[in-house]
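Asks: give me coordinates for this.
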Amino acid sequence: MERSIHEMLKDAPSLNDSDSAVHSGTPPPHIPNNCNNDSQPRPATINLTLGSPTSQMSVTVSPNTPIQNGDTQTMRTAQSKIESIKNWSISTYKCTRQLMYEKLGKTSRTVDSELETQIELLRDTQRKYCNVLRLSRALASHFHHVVQTQHALGEAFSELAQKSPELQEEFLYNSETQRNLTKNGETLLGALNFFVSSVNTLCNKTIEDTLFTVRQYETARIEYDAYRTDLEALAQVTKNDSSNAARLEAAQAHYEEHKQNFEKLRSDVSIKLKFLDENRIKVMHKQLLLFHNAVSAYFSGNQTALEATLKQFNIKVKSPNSSLPSWLEQ
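Replies: Numbers count the residues shown, from 1 in each chain. The predicted model follows:
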């Protein structure tokens, strides 16, 4: 027994040879130590070598890692976004500073008195037309309830005429009167709804489209004045120090760019204001004539004139009490 133990100790490796290796245990007897036929590939392996003054590490990276591939498109997109945010921040700072200096009276602003007068007049016109629109909607809503009440009252009179022989004639007279009022009321209600729809389109679409261009023009004016002020200040500095020539050239380019945009939008606003005024006069002339003729014919009891007014403006009247057509009729 002693000889076998001594022989085993002699056959074992020395400690000096094994202290530089890291053992993680022995594999099972049925799996070889250098097995490479795993079902799933390992994307990265790390080999450590210990026992030296400076430990070494070797990393094997799989071909699909972003370290080796490098998505250049993503990098370009990120750089473009960063550049856009940078330009936006600079422009916002310049415009905010320009507005503050204008309120404090420390800088000048570009003024087109004629155009600004037209813009203010347009905004005042929109406010007044919106008030007309609000009142017209209220009138149409109230009148709709009146027509519904007249219709219900006529049905009630008709039902009582069948159950009260002693007052049948009187109930039938009143029932027929309420039905005629309901029919004429539905005709007038169609004219009111058409008037409301047209004024709503004029206020919230036609005029608003022009005001959107006006807001773009006002923003361009602030940007133009901001870059103009920067150019003037940098030109004064460059007179004493020629090292700012490159900055002056860049400022000149930015100034020209914003100047062209400002002049283009000013021209667009002038053209839109002109066409809007012509369109507004044409639309309101037609709508005011419709409103006058329909209201006058209804309250004067002239059913023929009321129906002729709606035919003149191609308005189709639909009874508010009528049911929706079926899919076969459609």
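
Asks: make it CA atoms for all contacts and neighbour counts henceforth
Replies: Noted.

Asks: all strands for the stretch 1-150 of the chain, in order.
Replies: With strands called from DSSP state E, counting those that start in this stretch, the stretch 1-150 of the chain shows them at 45-49, 56-60.

Asks: so for the last one, mean pLDDT?
Replies: If you average the pLDDT over strand 56-60, you get 46.

Asks: ok, now the first one?
Replies: In this model, strand 45-49 has a mean pLDDT of 45.

Asks: in stretch 263-271, what's buried?
Replies: 265-266, 269-270 (16 or more other CA atoms under 10 Å).

Asks: what stretches of the stretch 151-300 of the chain score poorly on pLDDT?
Replies: Across the stretch 151-300 of the chain, the stretches falling below the confidence threshold (pLDDT under 70) are 240-242.

Asks: mind listing the helices for it?
Replies: Applying DSSP state H, counting those that start in this stretch to the stretch 151-300 of the chain gives helices spanning 168-201, 207-240, 245-299.

Asks: adding distance to Asn87, write the ones you listed out as a markdown table.
Replies: Below are those laid out as a markdown table (distance: least, CA to CA, whole Å):
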| stretch | distance to Asn87 |
| --- | --- |
| helix 168-201 | 38 |
| helix 207-240 | 13 |
| helix 245-299 | 11 |
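
Asks: mean neighbour count, those: which tops it?
Replies: Greatest average neighbour count among these goes to helix 168-201 (a mean of 19), per mean count of other CA atoms under 10 Å.

Asks: who's in contact with the closest residue in space to His151 that isn't next to it in sequence?
Replies: Leaving aside its chain neighbours, His151 sits nearest to Thr182 (5.8 Å; criterion: CA to CA, 6 or more residues apart in numbering). By CA atoms under 8 Å, 6 or more residues apart in numbering, the residues touching Thr182 are 147-148, 150-151.

Asks: His254 too?
Replies: Tyr227.

Asks: picking up where we left off before, between the helices of the stretch 151-300 of the chain, which one is closest to Asp71.
Replies: When the helices of the stretch 151-300 of the chain are compared by CA to CA, helix 245-299 sits nearest Asp71, at 32.2 Å.

Asks: the closest one to helix 168-201, inter-axis angle?
Replies: Between the axes of helix 245-299 and helix 168-201, defined by axes from the mean of the first three to the mean of the last three CA atoms, to 10 degrees, the angle is 160 degrees.

Asks: and of the helices of the stretch 151-300 of the chain, who's closest to Ser158?
Replies: The closest of these to Ser158 is helix 168-201. By CA to CA, the value is 5.6 Å.

Asks: surely Asn314 is in a strand?
Replies: No. Using DSSP: H, G, I helix; E, B strand; the rest coil, the assignment for Asn314 is coil, not a strand.

Asks: report the central residue of the chain.
Replies: When CA atoms, centre = their mean is applied to the chain, the residue found nearest the centroid is Phe212 (12.9 Å).

Asks: do you know how far that residue is from Arg123?
Replies: In this view, Phe212 and Arg123 are 12 Å apart by CA to CA, to the nearest Å.

Asks: ok, Thr213 next?
Replies: Look at Thr213 and Arg123: by CA to CA, they are 13 Å apart.

Asks: what does Leu188 give?
Replies: With CA to CA as the criterion, Leu188 and Arg123 are 31 Å apart.

Asks: among the helices of the stretch 151-300 of the chain, which comes closest to Gln79?
Replies: helix 245-299 (20.9 Å).

Asks: tell me who's in contact with the residue nearest to Phe143 when sequence neighbours are not counted.
Replies: The shortest distance from Phe143 to any non-neighbouring residue, by CA to CA, 6+ apart, is to Leu189 (7.1 Å). The contact partners of Leu189, by CA under 8 Å, 6+ apart, come to 140, 143-144.

Asks: quick check on those: which are buried?
Replies: Here, 16+ other CA under 10 Å leaves 140, 143-144 buried among these.

Asks: rewinding a little: which of the contacts of Leu189 sits closest to Val199?
Replies: Using CA to CA, Ala140 is the member of the contacts of Leu189 that lies nearest Val199, at 13.3 Å.
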